[in-house]
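Asker: my questions concern the predicted model and sequence given below.
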Amino acid sequence: MDTTDSRTEPASRTLATSIAAQLRSQITAGEIAPGEKLRLDELRANFGVSLSPLREALSRLSAEGFVVMENQRGYRVAPVSEQNLLEVTRLRMETEGFALRESIRLGDDQWEGQVVASHYRLEKLQKAAPGEQRLEDWELAHRALHQQLLSACRMPLLLQFSTTLHDLSDRYRRLFLEDHPFDDNVNDEHARIVDATLKRRSDEACALLRDHIERTGHNVMVALLEKRATPTTGK
């Protein structure tokens, strides 16, 4: 029996997963701009990999909505649009609300403790001194809190879909709200969502989460439209 392929294939998939995670993070953070062409030769050199795991990683990102394929030959970072932002926001409101309701119904004491810990870390980072690293740490803690709130729903596919939608939403938020002052309402919204969740008030917690997602989406939309309306200068 030839075991070479059976050993190489999982390693290739693991490598593709790592590449996809790094590219997803760069796209979400705006380090790779919307519409930018992803050149395979440059990516191969940057990651030090062959084409096979790189193409697999890009195919995954294409399926998630972060990358678009061009005529089966090349790839670009997915563009941004009002329609896509609205779709992502509406889907987040529905999926995260459902997942939170199930988590409240099924979550145990350990889950509650993890929610409390995630919220505490986010609040602590909010009070930390400003800086690029603090902002990045806050982004990671913010993502972790949202994931933790939904984590007890016992639906892996739903959690996977919710995580993708959250990352797509974060991409818009970081692209179009980067020049805006931090919204203090966000802290209060998180606190109220966590409080209602821990008190097992499903209707209240889900309504607060939906409002939180919708308000953030509205703020991003306003910023997106303002940026589109601002005339560009240069040659």
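Answerer: Structure's in. What do you need? Residues are numbered from 1 along each chain as shown.

Asker: state the mean pLDDT of the host helix or strand of Leu61.
Answerer: Using DSSP states H and E, Leu61 sits in helix 51-64. Average pLDDT, helix 51-64: 94.

Asker: which elements pack onto that helix?
Answerer: helix 4-28, helix 40-47, strand 67-70, helix 156-176 (3 or more C-beta pairs under 8 Å, 6 or more residues apart in numbering; DSSP states H and E). Heads up, the C-betas are built off the backbone N, CA and C, glycines and all.

Asker: in the shortest one, what counts as buried?
Answerer: Of the residues in strand 67-70, those scored as buried under the neighbour-count criterion (16 or more other C-beta atoms under 10 Å) are Val67.

Asker: so what's the gap between the very next helix or strand once past it and the chain middle?
Answerer: For strand 67-70, the following helix or strand on the C-terminal side (DSSP H and E) is strand 74-77. Here strand 74-77 is found 19 Å from its chain centre; the criterion is C-alpha atoms, centre = their mean, to the nearest Å.

Asker: and the residue lying closest to Arg171 once chain neighbours are set aside, what does it touch?
Answerer: In this structure, Arg171 finds its nearest non-sequential neighbour in Thr28, 4.6 Å apart by C-beta to C-beta, 6 or more residues apart in numbering. Each residue near Thr28 by C-beta atoms under 8 Å, 6 or more residues apart in numbering is listed here: 66, 167, 170-171, 174.

Asker: what separation is there between Thr28 and Leu198?
Answerer: Taking C-beta to C-beta, to the nearest Å as the measure, Thr28 falls 29 Å from Leu198.

Asker: so which elements touch the helix ranked longest in the chain?
Answerer: Secondary structure assigned by DSSP state H gives helix 202-229 as the longest helix of the chain. With contacts defined as 3+ C-beta pairs under 8 Å, 6+ apart, the packing partners of helix 202-229 are helix 82-106, helix 156-176, helix 185-198.

Asker: could you check the angle helix 51-64 makes with the second one?
Answerer: In this structure, helix 156-176 runs at an angle of 90 degrees to helix 51-64, with axes from the mean of the first three to the mean of the last three C-alpha atoms, to 10 degrees as the basis.

Asker: please write out the alpha-carbon positions of helix 156-176 in PDB.
Answerer: C-alpha atoms of helix 156-176 as PDB (Å, rounded to 0.1, in the frame of the first residue of the first chain):
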ATOM      1  CA  PRO A 156     -20.900  23.400  13.900                       C
ATOM      2  CA  LEU A 157     -22.200  24.400  10.500                       C
ATOM      3  CA  LEU A 158     -24.100  27.400  11.900                       C
ATOM      4  CA  LEU A 159     -21.000  28.500  13.900                       C
ATOM      5  CA  GLN A 160     -18.800  28.200  10.800                       C
ATOM      6  CA  PHE A 161     -21.200  30.300   8.700                       C
ATOM      7  CA  SER A 162     -21.600  32.800  11.500                       C
ATOM      8  CA  THR A 163     -17.800  33.200  11.800                       C
ATOM      9  CA  THR A 164     -17.400  33.800   8.000                       C
ATOM     10  CA  LEU A 165     -20.200  36.400   8.100                       C
ATOM     11  CA  HIS A 166     -18.600  38.100  11.100                       C
ATOM     12  CA  ASP A 167     -15.300  38.300   9.300                       C
ATOM     13  CA  LEU A 168     -16.900  39.700   6.200                       C
ATOM     14  CA  SER A 169     -18.700  42.300   8.300                       C
ATOM     15  CA  ASP A 170     -15.500  43.200  10.200                       C
ATOM     16  CA  ARG A 171     -13.800  43.800   6.800                       C
ATOM     17  CA  TYR A 172     -16.300  46.500   6.000                       C
ATOM     18  CA  ARG A 173     -16.100  48.000   9.500                       C
ATOM     19  CA  ARG A 174     -12.400  48.200   9.500                       C
ATOM     20  CA  LEU A 175     -12.200  49.500   6.000                       C
ATOM     21  CA  PHE A 176     -14.800  52.300   6.400                       C
END
